[in-house]
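[1] Pasting a predicted model and its sequence here:
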Amino acid sequence: MDSQPDLPIPISYVSGRYLLFSIDAVTYLRREHNICGVLIGTLPQIPQQNVFLGLPLELMPEEARLLVDKGVACIVDETKAHDSMNTLLEEDRRRYLRDLEAQGLHASRLHADRKEQQKEQALKNRINDKNANPKAKAAAGAAAQTPEDALSTPSKKDDAAVVDLFAAEDPSTPSRDASSTPTPSQNAMGITPATSYPPLSIPPSSSHLPAPVVPPSYPLFAHLHSRGYFLSPGLRFGCQYTAYPGDPLRFHSHFLVVSYDWDENIDLMDLIVGGRLGTGVKKGFLIGGAEKTLDDVESEADRVDSVRTFSLEWAGM
């Protein structure tokens, strides 16, 4: 079942970047709000790290601003948030440790069940191999046991061999005597959380950072997003954004998007180059911008509502 994180989702502001460290938040925003972002996490010992990236997820300022305007997320100064952990109450810390221990116990039970299933399967395989051997059948004679009987009463030699095979415990697990009773903490596997939320709680609204500063192309970005498009950076296609009609894992992009001011002069060569490039990669070349009003002060919502777009395609004669 998909889990929904608590709202607003804290977006970590680190060195001028907007990052998400929670996989629940990443999947929720992609599923419900068409926000993909870019994975930038790497592991030093993975040679394919430039192909297989992981958390954190970096958001464009436009994506972060859109989520803040919709009330879905808030911007948090990561340095100040971690400094506040020094004031974490002792009871909160103990509750957090108990939760990690419960997760470790659950993982230990799953591991023990899997080992037991492997042991039973190994016994069955040995019995089947013995019965399939003609010499073993001749030696057994008419009094040979059936596979079911042999499974229910395995020989001590076979049983000892299988037990020895699965007797090796995890090196990190301390040795225990038969008379000693293990405690839950001894059986629990060590759990390393992938994110610092929890125990960090959502900071109060008074400590939120202001909405991100966005480029002039934000109205066009928000306009296309409101029409259901998924937008990602368009650097590899020489544009500002690439627009997908659905999740990029399922669809190819339909448009190369470039924003212009309402009264900006557009070089005709830019239109030709954009149209030819878009047609060459089987996409449309989309330009657009927000209409300027007579009011000196206008809200971002008004600018988004006044956006107009045009698409160009290069047609052969």
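    Thanks, I have it. For clarity, every value in this text was computed on a predicted model and none was experimentally measured.
[2] Name the residues linked to Glu58 by a beta bridge.
    On the basis of DSSP bridges, Glu58 is bridged to Leu19, Val38.
[3] ok, for Ile266, nearest residue in space, not its chain neighbours?
    Nearest in space to Ile266, with sequence neighbours left out and distances taken as C-beta to C-beta, 6 or more residues apart in numbering, is Tyr260 at 5.9 Å. From N, CA and C alone the C-beta is placed, and that goes for glycine too.
[4] so how many other residues sit close to that neighbour?
    As a burial measure, Tyr260 scores 17 neighbours (other C-beta atoms under 10 Å).
[5] residue contacts, it?
    Listed by C-beta atoms under 8 Å, 6 or more residues apart in numbering, the contact set of Tyr260 reads Ile266, Ile287, Gly288, Gly289.
[6] now the stretch 1-150 of the chain, which segments are flagged as low pLDDT?
    The stretch 1-150 of the chain contains residues with pLDDT under 70 at 1-3, 44, 46-51, 83-89, 134-150.
[7] And the helices in it, which stretches?
    Along the stretch 1-150 of the chain, counting by DSSP state H, counting those that start in this stretch, helices occupy 23-33, 61-69, 78-83, 90-132, 134-140, 147-152.
[8] what packs against the second one?
    Using 3 or more C-beta pairs under 8 Å, 6 or more residues apart in numbering; DSSP states H and E, the elements in contact with helix 61-69 are strand 9-14, strand 17-20, strand 73-77, helix 218-226.
[9] Over to the first one?
    Taking 3+ C-beta pairs under 8 Å, 6+ apart as the contact definition, the neighbouring helices and strands of helix 23-33 are strand 9-14, strand 54-59.
[10] buried stuff in it?
    Asp24, Ala25, Val26, Tyr28, Leu29, Arg30, His33 (16 or more other C-beta atoms under 10 Å).
[11] Quick one: closest of the helices and strands packed on helix 61-69 to Cys239.
    Nearest to Cys239 among those is helix 218-226 (11.5 Å), distances taken as C-beta to C-beta.
[12] Now do the closest one against helix 23-33, angle only.
    Here helix 218-226 runs at an angle of 80 degrees relative to helix 23-33 (axes from the mean of the first three to the mean of the last three C-alpha atoms, to 10 degrees).
[13] what's the following helix or strand after helix 218-226?
    Per DSSP states H and E, the first helix or strand lying C-terminal to helix 218-226 is strand 230-233.
[14] Which residues does that following strand contact?
    By C-beta under 8 Å, 6+ apart, strand 230-233 touches 34, 36, 38, 60, 62, 221, 224-225, 240-248, 253, 257.
[15] C-alpha coordinates for it, PDB please?
    Output of strand 230-233 as PDB, limited to C-alpha atoms (Å, rounded to 0.1, in the frame of the first residue of the first chain):
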ATOM      1  CA  PHE A 230       5.400  16.200 -16.300                       C
ATOM      2  CA  LEU A 231       8.300  18.600 -16.800                       C
ATOM      3  CA  SER A 232      12.000  17.900 -16.600                       C
ATOM      4  CA  PRO A 233      15.100  19.900 -17.300                       C
END
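[16] Describe which strands it pairs with in its sheet and in which direction.
    The sheet places strand 230-233 alongside strand 241-244 (antiparallel), with pairing taken from DSSP bridges.
[17] For the partner strand, buried residues please.
    For strand 241-244, by 16+ other C-beta under 10 Å, it's Tyr241, Thr242, Ala243, Tyr244.
[18] what's the closest of those residues to Arg303?
    Tyr241 (16.7 Å).
[19] what pLDDT does that closest one get?
    Listed pLDDT for Tyr241 reads 97.
[20] Any chance of the backbone angles for the residue lying closest to it once chain neighbours are set aside?
    Excluding the flanking residues, the one nearest Tyr241 by C-beta to C-beta, 6+ apart is Val257, at 4.1 Å. Backbone torsions of Val257, given as degrees, to the nearest 10, read phi -110, psi 130.
[21] Tell me what Val257 is bridged to.
    Beta-bridge partners for Val257, by DSSP bridges, are Tyr241, Leu286.
[22] most tightly surrounded among the helices of the stretch 1-150 of the chain?
    Mean neighbour count (mean count of other C-beta atoms under 10 Å) peaks for helix 61-69 among those, with a mean of 22.
[23] Distance from that one to the middle of the chain?
    Counting by C-alpha atoms, centre = their mean, to the nearest Å, helix 61-69 is centred 19 Å from the centre of its parent chain.
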